[in-house]
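Participant: structure here, sequence nowhere to be found:
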């Protein structure tokens, strides 16, 4: 485990915290691990021992950090999910508020290579397909589809964790200015519950023909408020087979918000401490056993 503290000297005018906080999604791009944050408008870049940042455009009031203490938590983009496609990082807002219906494209390595896309038309279609409010927490490219992982914690009318599937090529065209793709299907999942609190998706990534995910049960009233995390899990989806195990760090459940896999049988897991003064913890995990083989009988 390592705390993600920036190793470069940031410009005081950038409104950048001294550390990565509230990491909500991670993705591998070449030698870099890219980390998005839901309450700070920076993409962190982890390369070896170095942790640097790429600044996103400023939000309301010229701020790049958003928190209850500043009175601007509801102004954040709330980037919660990301995926690398053909060398580009696509980062998605949760969709839980209109300002959070934004998609950020990082085409290169600099702030000048960030493209901000208004995703409102796309999010509206996903919301209609789900039949409830929306909270996207993970995204993965699976074959010719883009899978969007809805956490399932937006209130009593929410039917629970779900995956909305859209055509990947159609989504590319949308990013280029075309109409948004229609949702092909919505797959619903029951990941269990703890003390009456549903376990819902918090991130996902594809690996070969499988989709790995992390999930958590958080005692909050909706997708905006934070709450006590009662349980978390690591799971895999392979066709119609879904398997999951409890995930605890130091013997306690944790708010796992990011997951990425590499070709070296290794996973990266980001833990959000839900405290603006505490750095995100990045865990490097070795995957052991026959996890690459058939799902039947493997654990």
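Facilitator: That came through fine. Computed from a predicted model, the values in this text were never measured in an experiment. Numbering: from 1, shown residues only.
Participant: going forward, measure contacts and count neighbours with C-alpha atoms only.
Facilitator: Noted.
Participant: roughly how far does the closest residue to residue 212 other than its chain neighbours sit from residue 184?
Facilitator: Nearest non-adjacent residue to residue 212, counting by CA to CA, 6 or more residues apart in numbering: residue 236, 4.2 Å away. Residue 236 sits 22 Å away from residue 184, going by CA to CA, to the nearest Å.
Participant: who has more neighbours, these two?
Facilitator: In terms of neighbours (other CA atoms under 10 Å), residue 236 is the more surrounded of residue 236 and residue 184; the figures are 21 against 12.
Participant: so who does the more buried one touch?
Facilitator: Residues in contact with residue 236, defined by CA atoms under 8 Å, 6 or more residues apart in numbering, are 210, 211, 212, 213, 242, 243, 244.
Participant: over to residue 200?
Facilitator: Applying CA under 8 Å, 6+ apart, the residues contacting residue 200 are 150, 151, 152, 153, 160, 161, 191, 215, 216, 217.
Participant: who does it bridge with?
Facilitator: residue 216 (DSSP bridges).
Participant: at the geometric centre of this protein, which residue do we find?
Facilitator: The residue lying closest to the centre of the chain (CA atoms, centre = their mean) is residue 81, at 2.8 Å.
Participant: secondary structure element for the nearest residue to that one once chain neighbours are set aside, which one?
Facilitator: Spatially, and ignoring its direct neighbours in sequence, residue 81 is nearest to residue 138 (4.5 Å; CA to CA, 6+ apart). Assigned by DSSP states H and E, residue 138 belongs to strand 136-142.
Participant: what's downstream of that strand, the next helix or strand?
Facilitator: With secondary structure assigned by DSSP H and E, strand 136-142 is succeeded by strand 145-150.
Participant: that following strand pairs with which strands?
Facilitator: Short version: by DSSP bridges, strand 145-150 pairs with strand 136-142 (antiparallel), strand 162-167 (antiparallel).
Participant: residues contacting that strand, please?
Facilitator: Taking CA under 8 Å, 6+ apart as the rule, strand 145-150 contacts 134-141, 161-169, 171, 200-204.
Participant: just the buried residues of the residues you listed.
Facilitator: 134-141, 161-168, 171, 200-204 (16 or more other CA atoms under 10 Å).
Participant: how about the strands in the stretch 151-299 of the chain?
Facilitator: Assignment of strands within the stretch 151-299 of the chain using DSSP state E, counting those that start in this stretch yields the ranges 162-167, 183-188, 193-194, 197-198, 200-207, 210-219, 228-238, 241-246, 248-249, 252-253, 256-262, 266-271, 281-286.
Participant: what residues are up against the residue nearest to residue 81?
Facilitator: Contacts of residue 138 (CA under 8 Å, 6+ apart): 25, 80, 81, 82, 148, 149, 150, 201, 202, 203, 204, 205.
Participant: closest to residue 175 out of these?
Facilitator: Of all the contacts of residue 138, residue 175 sits closest to residue 82, with 14.6 Å by CA to CA.
Participant: and the closest one, how far from residue 74?
Facilitator: From residue 82 to residue 74 the distance is 21 Å (CA to CA).
Participant: what helix or strand is residue 132 on?
Facilitator: Residue-wise, residue 132 maps onto no helix or strand under DSSP H and E.
Participant: distance check, the nearest residue to it once chain neighbours are set aside against residue 142.
Facilitator: Distances taken as CA to CA, 6+ apart place residue 158 nearest to residue 132, at 5.5 Å, with adjacent residues excluded. Remark: distance between residue 158 and residue 142 (CA to CA) = 25 Å.
Participant: likewise residue 226?
Facilitator: Distance, residue 226 to residue 142, by CA to CA: 30 Å.
Participant: among these two, which residue is more densely surrounded?
Facilitator: Between residue 226 and residue 142, counted using other CA under 10 Å, residue 142 has the larger neighbour count: 18 against 12.
Participant: buried set for stretch 243-251?
Facilitator: 244, 247.
Participant: make 58 the first number, not 1, from now on.
Facilitator: With 58 as the first residue, the last one maps to stretch 300-308.
Participant: so which residues make contact with it?
Facilitator: So stretch 300-308 is contacted by 288, 289, 290, 291, 292, 293, 294, 310, 311 (CA under 8 Å, 6+ apart).
Participant: then stretch 218-225?
Facilitator: Counting by CA under 8 Å, 6+ apart, 183, 186-187, 198, 201-210, 238-248, 256-258 sit against stretch 218-225.
Participant: 7 Å instead?
Facilitator: 183, 201-209, 238-247, 257-258 (CA atoms under 7 Å, 6 or more residues apart in numbering).
Participant: what does stretch 66-82 give?
Facilitator: Residues contacting stretch 66-82 (CA under 7 Å, 6+ apart): 61-63, 92-96, 101, 120-122, 137-139, 260, 314-316, 327, 329-331, 333, 335-337.
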